[in-house]
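Asker: please work out how this folds:
(3 chains)
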Amino acid sequence: MGSDYPPSLRCGLPGLILFLETAFILIFWFCFSNEHGRTSKDLEIYPAFQDVNVLVIFGFGFLLAFLKRYGFSSTGFNLLIAALGVQWAVLVEGFLFSSSAGKMKISLHSVLKASISVTAVLISAGALLGKANPIQLIWMAMVEVAAFSTSRWINVKFLKIEEHTSLMHVHIFGTYFGLAVSWWLYHSSLSERVEKEKPNPISDLFSMLGTLFLWMFWPSFNSVLIVDVMEKRNAVCNTYYAVAVSAAAAFALSSLSSRNGKIRMIHIHHAALAGGVALGFSAPIIPHPWIAMILGLLASMVAVLGSHCLQTCLNSVFKIHDTCGVHYTFGLPGLLGAIVNVILFVIIKWASLSSLGYLALIEVGAFMLTTAIGLGTGFITGFILTFKLWKTLPASKYFDDQAYWEFPHLACGF
Amino acid sequence: MGSDYPPSLRCGLPGLILFLETAFILIFWFCFSNEHGRTSKDLEIYPAFQDVNVLVIFGFGFLLAFLKRYGFSSTGFNLLIAALGVQWAVLVEGFLFSSSAGKMKISLHSVLKASISVTAVLISAGALLGKANPIQLIWMAMVEVAAFSTSRWINVKFLKIEEHTSLMHVHIFGTYFGLAVSWWLYHSSLSERVEKEKPNPISDLFSMLGTLFLWMFWPSFNSVLIVDVMEKRNAVCNTYYAVAVSAAAAFALSSLSSRNGKIRMIHIHHAALAGGVALGFSAPIIPHPWIAMILGLLASMVAVLGSHCLQTCLNSVFKIHDTCGVHYTFGLPGLLGAIVNVILFVIIKWASLSSLGYLALIEVGAFMLTTAIGLGTGFITGFILTFKLWKTLPASKYFDDQAYWEFPHLACGF
Amino acid sequence: MGSDYPPSLRCGLPGLILFLETAFILIFWFCFSNEHGRTSKDLEIYPAFQDVNVLVIFGFGFLLAFLKRYGFSSTGFNLLIAALGVQWAVLVEGFLFSSSAGKMKISLHSVLKASISVTAVLISAGALLGKANPIQLIWMAMVEVAAFSTSRWINVKFLKIEEHTSLMHVHIFGTYFGLAVSWWLYHSSLSERVEKEKPNPISDLFSMLGTLFLWMFWPSFNSVLIVDVMEKRNAVCNTYYAVAVSAAAAFALSSLSSRNGKIRMIHIHHAALAGGVALGFSAPIIPHPWIAMILGLLASMVAVLGSHCLQTCLNSVFKIHDTCGVHYTFGLPGLLGAIVNVILFVIIKWASLSSLGYLALIEVGAFMLTTAIGLGTGFITGFILTFKLWKTLPASKYFDDQAYWEFPHLACGF
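Answerer: This is a model prediction of the structure:
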């Protein structure tokens, strides 16, 4: 196992978390109070909020639990950065989007939007899975939430993008931020898949558990922020059709792309969700189920092909190591969805709008801006994360729970 | 392990899935459009729809994950046939039950009914678990959904059975269809329980996970289609009491029926759910909790006794191998529920109805017709599934994920 | 393994369960009927009821599944005593709280309150995990539900405590009842942690699964009984903030308290939930998020410190063995919450109330009374549970599924 022990987290981690929590409590104290107006609306969205909460805490946690020696960290650190990230996102969004004077008002709706924003961090954490320690992850979460909210603020304020659309940029932002950070954390030993980076049947089954929860609650994720009832219903149904098609297509494409016609679990995990990601933008405006189904099929193809062709290429050419394959689970299907959204927008509004070209350009500009901000801030964050200060892990300790967790059961094997 | 390699799925599976998806998309394109009228109603049933969705995708997937080497296939193929089956069920139901001219209208309600119909396929797949390859399962799903919808259409159109009751025939139909198919797939090596057919403690715990989700959301399953608020509430409460009693009784009966008073996990999985199945028909009309509780107790008894006595008998005499024991989890409790439903119907309507005997006969006729159609179509489907065309698995490869899934972690054992 | 075989459950368990079920059915028959009035209200609380149901059946079941050889019993017996306990709690609450003449009316609301009451039993069962057989657990569940309902009845009738507050005493009651029983079941061999009492990575991951479900649905648990919409919304949000802070703090404190800065999974399981427990009483009346956050931080500290200091002390000095650490997961945070609740009550009502001191004293008296009744009845119950009659397990068979479950897969190891 090598003689380089992983650096102890003792000095850094508790201090960082307790400092952040104290700061959050103080900011909440002086700047925030509960909103009194929208209680009944808040209670109305509560069931959908819980679906999103399950998706964020449980779905992502167990989706990432596929590494055979990294189950504790996958689920545990997911909870940690989600819990810290949501508090921070509520604060940042409050400062950026609040218009009234006096104390800022927060409600369950604020927490819901914060939960969706935090998805960006969880996606980036998927790209870094096993390579970053919790101190780095927390620091990344703080920067990323702030960067994503700022990017969202620019989109909403200056480009007049709708709030729902701006939040659905979360997949693209999270992916490219994560990949840029991952470029800095690259190590030559990652060019070949080490033993510890592989799943075993049990960890794959735990990951299936998380995948299924993401799959089931994706319609809630895509529809929860929509106010208009007709659009909300369409968002639910269209997302359901899309994920159904992409789950079925995942099996076909996985079998087609493997040497002997066998199915790879990792393809199922990624491609089954791609349909939901691709529908993020356009779910409420797609008028017919078959369009959602075609989009689901395309997203599934993009995910499986990406997993097959791009993984090797990215890794060897660009030196970017993407542990969980977020690039083709969230990034490429997200881009596909953004492009289709613009095309749909043009088709639907063809007759009724004079300034169509301008508006379509704005939409294209919005997601390209998001991608650019994601890549840029991710690049800077990644550079900072390479400092000695963060007690970076030696590459020999990558993908191993034992670097962070006490094992009273070491002798019993896994 | 034998030298007979399992046939590659490469030629069949991708082609079949992609052909079906293309066909579905085309049919949706030309014949279906979103219903515009019932959006608010659709959003009202959304939380209950999600409960049913969790039950179908997650509950059944992990309930079937009890075989120690078949966890990937249990959860994966469950997702595959559910995703394909729901799309197909929406289409078939649209064609059979739609009355208006022009494009058929679909809503979340259609998807909900399709999800419940697909339960029949998942139950049949439980009987075939480990013996049928995904190509056979998909083909079976297509035939079974069409057959169940037709049987339901006959019940609703000609016998004037209520829609809720006709959908609750799903347990009986699924079981007898599955058993009939299983008769054709019988192989002499199945007469003794092979090593791979056994669970191990971890796979049993995963199965417990699925069981608990089925158990918890069964009240939603039995009540989601009921419109009258009083009946809906009664359906929820009665189902809860019934599953509570059958879970408790499962422990008693399992301990009673084993050699040394020990409890068998398989009994708990089956008998805990039997109460919910038995309540399917009569949950909304049972006037007092104690009737539901007695029914739960009886269903639990039927399930444990069936598991003890019938399994051996069915297997050796009728040459029907029922991997997951669906006969006594869904079939017998379903029949019990149907009979009790008729008796309750007679008692409740005793005074008020003149043509009581006739109506009771219709109810009896309905579930006997469903059973007959299930057995008949299952028999034909099973016969077709024995053709070489389907690349049937050699019996030595039964119950093994390795026939279908790529294992990058082969060396690490399970 | 020793030669002392565990006593067979065959004579006791089936008889006890079937006797109880028969008694329950008869009492339901003669004394209870469905309430007809509040159907629409019942259907309104149904989604929140399901959250509580998931928390009770699934969350607690898998939270307790952390012992490596006790997964079947943890999840199975949790289902058994919850199913029996809910029926019994509906009966007891009906008799104690019903005022009208004639048959008592039950609704989904009754089942919901019964589910919350049963949490006391599940907490006590956590303290006894692996040491009590199912016969003892069922007997304990019956006594404890009756004792808790009586204590609640005294609080509500004589001390005029609100119903929501009285039900939130469930954590304190369950803990001290369980510890008192545990004192009687102490065995000298428990002074050192035996091999079987330890978790392994897989069982810890299953336990994480349960923890996450408890964590996610705790806002529902703390808000479901509140009628006022403003208070209900506040209860949801405050609980969310509190569990978020306590989850983050759990990582900090666990790392701080361990030798080499590593995180212990057991701390995460306990401390992440402590915030929700501490908020039980005061969630609806806390006016600002930061107060909830501070309370979450304190609860997390209490849980981790308790786990570190008290466990050894309790075990060696008081001879109380608390397998699952319920004392610092539910007991101490519950007491902390009760004290903070009184302080908040005094601060909020400072100006408006003349008899403030009297009312505050009543609140203090209420939770001290609950603690006292819990300890007292637990002590008596524990004494009775030591009788030979209950076929108590020899200490060598503690923490082992094989004492109760048939293993068809014995040879394959865990």
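
Asker: hmm, residue A:401 is touching residue C:204, no?
Answerer: No - here residue A:401 lies out of contact with residue C:204, judged by C-beta atoms under 8 Å, at a distance of 10.0 Å. For every residue, glycine as well, the C-beta is placed using N, CA and C.

Asker: these two: which is more packed in?
Answerer: Looking at residue A:401 and residue C:204 with other C-beta atoms under 10 Å in any protein chain shown, you find the greater number of neighbours at residue C:204, namely 28 against 25.

Asker: skipping its backbone neighbours, what lies nearest the more buried one in space?
Answerer: If you skip the residues right next to it in sequence, residue C:204 has residue C:265 as its closest partner in space, 4.9 Å away by C-beta to C-beta, 6 or more residues apart in numbering or on different chains.

Asker: common neighbours of residue A:401 and residue C:204, please.
Answerer: Residues touching both residue A:401 and residue C:204 (C-beta atoms under 8 Å, 6 or more residues apart in numbering or on different chains): residue A:72.

Asker: how far away is the residue nearest to residue C:204 from residue C:101?
Answerer: When distance is defined by C-beta to C-beta, to the nearest Å, residue C:265 is 54 Å away from residue C:101.

Asker: ok, now residue A:85?
Answerer: Relative to residue C:101, and taking C-beta to C-beta, residue A:85 is found at 56 Å.

Asker: please apply the same query to residue A:120.
Answerer: Residue A:120 is 61 Å from residue C:101, where distance means C-beta to C-beta.

Asker: and residue A:226, its phi and psi?
Answerer: phi -80, psi 130 (degrees, to the nearest 10).

Asker: isn't it up against residue A:284?
Answerer: Yes - with the criterion set as C-beta under 8 Å, residue A:226 and residue A:284 qualify as a contacting pair; they are 5.2 Å apart.

Asker: retrieve the pLDDT associated with residue A:318.
Answerer: pLDDT recorded at residue A:318 is 82.

Asker: sorry, wrong one. I was asking about residue A:5.
Answerer: Residue A:5 carries a pLDDT value of 59.

Asker: same question, residue A:408
Answerer: For residue A:408, the pLDDT comes out at 67.

Asker: check residue A:34 too.
Answerer: Residue A:34 is assigned a pLDDT of 81 by the prediction.

Asker: I'd say it and residue C:236 touch.
Answerer: No - using C-beta under 8 Å as the test, residue A:34 is too far from residue C:236 to be in contact (11.0 Å).

Asker: returning to that earlier point: residue A:226 and residue A:284: which is more packed in?
Answerer: Just comparing residue A:226 and residue A:284: by other C-beta under 10 Å the higher neighbour count belongs to residue A:284, 24 against 19.

Asker: name the helix or strand for whichever residue of chain A sits closest to chain B, please.
Answerer: With C-beta to the nearest C-beta, the shortest gap between chain A and chain B falls at residue A:261, namely 2.8 Å. Element membership for residue A:261 (DSSP states H and E) is empty, with no helix or strand holding it.

Asker: which residue sits closest to it in space, ignoring its chain neighbours?
Answerer: Among residues not flanking residue A:261 along the chain, residue B:10 sits closest, at 2.8 Å (C-beta to C-beta, 6+ apart).
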